[in-house]
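*Asks:* Predicted model follows, preceded by the sequence.
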Amino acid sequence: MLMDNTTVLVVDDEERIRSSVRGILSDEGFRVLDTDGGPAVMDIIEREHPELVLLDVWMPKLDGIELLRRIKAEQPATHVIMISGHANIQNAVVATRLGAADFIEKPFSVDGLLTSIDRALAGQAADITAIRNGGSTNGRSGRLVPATSQFTIKNSLVMAGQGLHSGLKSGVILHPAPPGTGIVFSSLADQSAMAARLENVTETGYNTTLSNSGYTIRTVEHLMSALHGLGVSNLIVKTDDEVPALDGSALEFCHHLQKAGLQEQAAAVAPIRIAHPIQIGEGGEFIRIEPAGHLIIDYKLDYPAPIGVQQVHFELISPEAYIETIAPARTFGFVREFHKLSEMGLASGGRLDNLILVDDEKVVNTALRFSDEFARHKVLDLIGDLYLLGRPVHGHITASKTGHSDNLALLRAIAASL
């Protein structure tokens, strides 16, 4: 990563940090300036025109968040990476919404710092490369694209909310990623990272949980479903503890992804094509997949009244089909189960606006978006769990009375057959 003539300004009140970063980046070919965060920072930016500012959040002479606000207002083309020794999701969300390209925790590794800088500077370079090649930077726009294209997002985005099970304030920051990266979850607090892959699944009771080397993220299925439905192949997801529930469906994830823009990449992904039938379970509770040209799901849900029997047929032929018929379906819970879930440390974030709540007679808190919304949400979860195979799946799934544990058993069987 030799970056001749690229100027980086390091703003940090700790001389040790400034000296270390100055040495690292100078060795990489950057022109490096630094300051302790005094009132002259904006003067330096206006005079030197750095392409990138590394900005500490907490400084005695200056509020890093307020300085970020000024930089983006007065010098909007300047990339800013926020650094902090006390990272939390609330600060990261605020910084990203104000235009920060990334948010990293001190002490950071050399590789982590250089990766963040490379990602911050790459967006502008990607647009220039596309123009030089006579291409377009446009992503999907109401069209069915080849199933083998890889996609990422055009711009970073942030979403904040509350964890459905932890009840804690939560959020995710999504960054574009190069072809072949896959979906990778990364911690805000340190350099921990893990792929959203089957081998990292550790729990499938009331949600799908990923864990690797002490780093754990809960309730990934709604975000993963949106990524599968929209065909997003490569993404860095920065978050800690639990993905926010938002409204309990995948619809808000889809809307945010669409607003960020989807960028087609110069690489292809080979879908997983099912060669022969595979079945888990039998009788009234089973899940089966057999060969098909695209993803088809037939799902049967059977609960006591007031839900009853519901059946859904869905074919993933375009992002629009997913957004219109599956993404809006919300998660649901039963009043009688909330005490049990609370004892298990779950559903602490269940509110009247992020799930469908059902008692013994009726839905008690909302109007249904579909008459079969409960079954559609099961399909939403299944689409999310399937994406833990790392690639789109082409096959016809028939499922009856199944959940996350059954989904993951099918995924393991599919993986073993490849």
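*Replies:* The structure has been received and is ready for your questions. Residues are numbered from 1 along each chain as shown.
*Asks:* Keeping just the C-alphas, turn the host helix or strand of Phe151 into PDB.
*Replies:* Under the assignment given by DSSP states H and E, the secondary-structure element containing Phe151 is strand 149-153. Listed next in PDB are the C-alpha coordinates belonging to strand 149-153 (Å, rounded to 0.1, in the frame of the first residue of the first chain):
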ATOM      1  CA  SER A 149     -22.700 -11.400 -10.000                       C
ATOM      2  CA  GLN A 150     -21.000 -10.400  -6.700                       C
ATOM      3  CA  PHE A 151     -22.300  -7.200  -5.000                       C
ATOM      4  CA  THR A 152     -21.300  -5.000  -2.200                       C
ATOM      5  CA  ILE A 153     -22.800  -1.600  -1.100                       C
END
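*Asks:* For the following helix or strand past that strand, the averaged confidence score.
*Replies:* Using DSSP H and E, the next helix or strand after strand 149-153 towards the C-terminus is strand 157-162. Averaging pLDDT along strand 157-162 yields 84.
*Asks:* And the strand holding Phe151, what's buried?
*Replies:* 149-153 (16 or more other CB atoms under 10 Å). For every residue, glycine as well, the C-beta is placed using N, CA and C.
*Asks:* ok, these vs Val41, which is closest?
*Replies:* Among the buried residues of strand 149-153, Ile153 lies closest to Val41 (CB to CB), at 30.4 Å.
*Asks:* so how far is Pro176 from that closest one?
*Replies:* Counting by CB to CB, to the nearest Å, the gap from Ile153 to Pro176 is 5 Å.
*Asks:* what do these two both touch?
*Replies:* Each of 235, 263 lies in contact with both Ile153 and Pro176 under the rule CB atoms under 8 Å, 6 or more residues apart in numbering.
*Asks:* what about the stretch 1-150 of the chain, any weak spots by pLDDT?
*Replies:* Per-residue confidence for the stretch 1-150 of the chain (pLDDT under 70) gives these ranges: 1-4, 86-88, 123-147.
*Asks:* just the strands in the stretch 301-418 of the chain please.
*Replies:* Listed in chain order, the strands of the stretch 301-418 of the chain (DSSP state E, counting those that start in this stretch) span 309-316, 332-334, 356-358, 393-394, 396-400.
*Asks:* what's the average pLDDT for the longest one?
*Replies:* Confidence for strand 309-316, expressed as mean pLDDT, is 98.
*Asks:* when you give positions from now on, start the count at 865
*Replies:* Will do, 865 is the new start, and the previous item becomes strand 1173-1180.
*Asks:* And it, what's buried?
*Replies:* Buried-residue list, strand 1173-1180, by 16+ other CB under 10 Å: 1174, 1176, 1178-1180.
*Asks:* which residue is nearest the middle of this structure?
*Replies:* For the chain, Val1101 is the residue whose C-alpha lies nearest the centre (CA atoms, centre = their mean; 4.3 Å).
*Asks:* That one reaches Phe1049, doesn't it?
*Replies:* Yes: between Val1101 and Phe1049 a contact is recorded at 4.9 Å, counting by CB atoms under 8 Å.
*Asks:* which neighbours do those two share?
*Replies:* Residues touching both Val1101 and Phe1049 comprise Ala1060, with contact defined as CB under 8 Å, 6+ apart.
*Asks:* who does the strand holding Phe1015 pair up with?
*Replies:* Counting by DSSP bridges, the strands paired with strand 1013-1017 are strand 1126-1132 (antiparallel).
*Asks:* Given the next helix or strand after the strand it pairs with, what are its sheet partners and their directions?
*Replies:* Downstream of strand 1126-1132, the next assigned helix or strand under DSSP H and E is strand 1136-1137. Within its sheet, and counting by DSSP bridges, strand 1136-1137 is paired with strand 1257-1258 (parallel).
*Asks:* Give me the contacts around the strand it pairs with.
*Replies:* Defining contact as CB under 8 Å, 6+ apart, one finds that strand 1257-1258 is touched by 1011, 1135-1138, 1153, 1156-1159, 1250, 1278.
*Asks:* For those residues, give me CSV that also has distance to Glu910 and neighbour count.
*Replies:* Conversion of those to CSV gives the following (distance: CB to CB, whole Å; neighbours: other CB atoms under 10 Å):
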residue, distance to Glu910, neighbour count
Ala1011, 49, 17
Pro1135, 51, 17
Ile1136, 53, 20
Arg1137, 57, 15
Ile1138, 59, 20
Ile1153, 60, 28
Ala1156, 59, 15
Gly1157, 58, 13
His1158, 54, 16
Leu1159, 53, 26
Leu1250, 51, 26
Ile1278, 57, 18
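*Asks:* Relative to Pro1256, which of these is nearest.
*Replies:* Lowest distance from Pro1256 to those (CB to CB) belongs to Pro1135, with 4.4 Å.
*Asks:* Give me the sheet partners of the helix or strand encompassing Leu873 and which way each runs.
*Replies:* Here Leu873, judged by DSSP H and E, is contained in strand 871-875. Counting by DSSP bridges, the strands paired with strand 871-875 are strand 895-899 (parallel), strand 916-920 (parallel).
*Asks:* Show the subsequent helix or strand relative to it.
*Replies:* Sequence-wise, the next helix or strand beyond strand 871-875 is helix 879-891, with elements assigned using DSSP H and E.
*Asks:* what's that following helix packed up against?
*Replies:* Packed against helix 879-891, as judged by 3 or more CB pairs under 8 Å, 6 or more residues apart in numbering; DSSP states H and E, are the following elements: strand 871-875, strand 895-899, helix 974-996.
*Asks:* distance between it and the chain's centre?
*Replies:* Between the centre of helix 879-891 and the centre of its host chain there is 31 Å, according to CA atoms, centre = their mean, to the nearest Å.
*Asks:* all strands in the stretch 965-1114 of the chain, in order from the N-terminus.
*Replies:* Listed in chain order (using DSSP E, counting those that start in this stretch), the strands of the stretch 965-1114 of the chain are 966-969, 1013-1017, 1021-1026, 1033-1040, 1047-1050, 1057-1059, 1065-1067, 1073-1076, 1079-1082, 1099-1102, 1105-1106.
*Asks:* doesn't Ile909 fall inside a helix?
*Replies:* Yes: Ile909: assigned to a helix according to DSSP: H, G, I helix; E, B strand; the rest coil.
*Asks:* which stretch among the strands paired with strand 871-875 comes nearest Gln1129?
*Replies:* Proximity of the strands paired with strand 871-875 to Gln1129 was assessed by CB to CB; the nearest stretch is strand 916-920, lying at 23.6 Å.
*Asks:* thinking in terms of the whole chain, how far from its middle is that closest one?
*Replies:* Computed by CA atoms, centre = their mean, the chain-centroid distance of strand 916-920 equals 24 Å.
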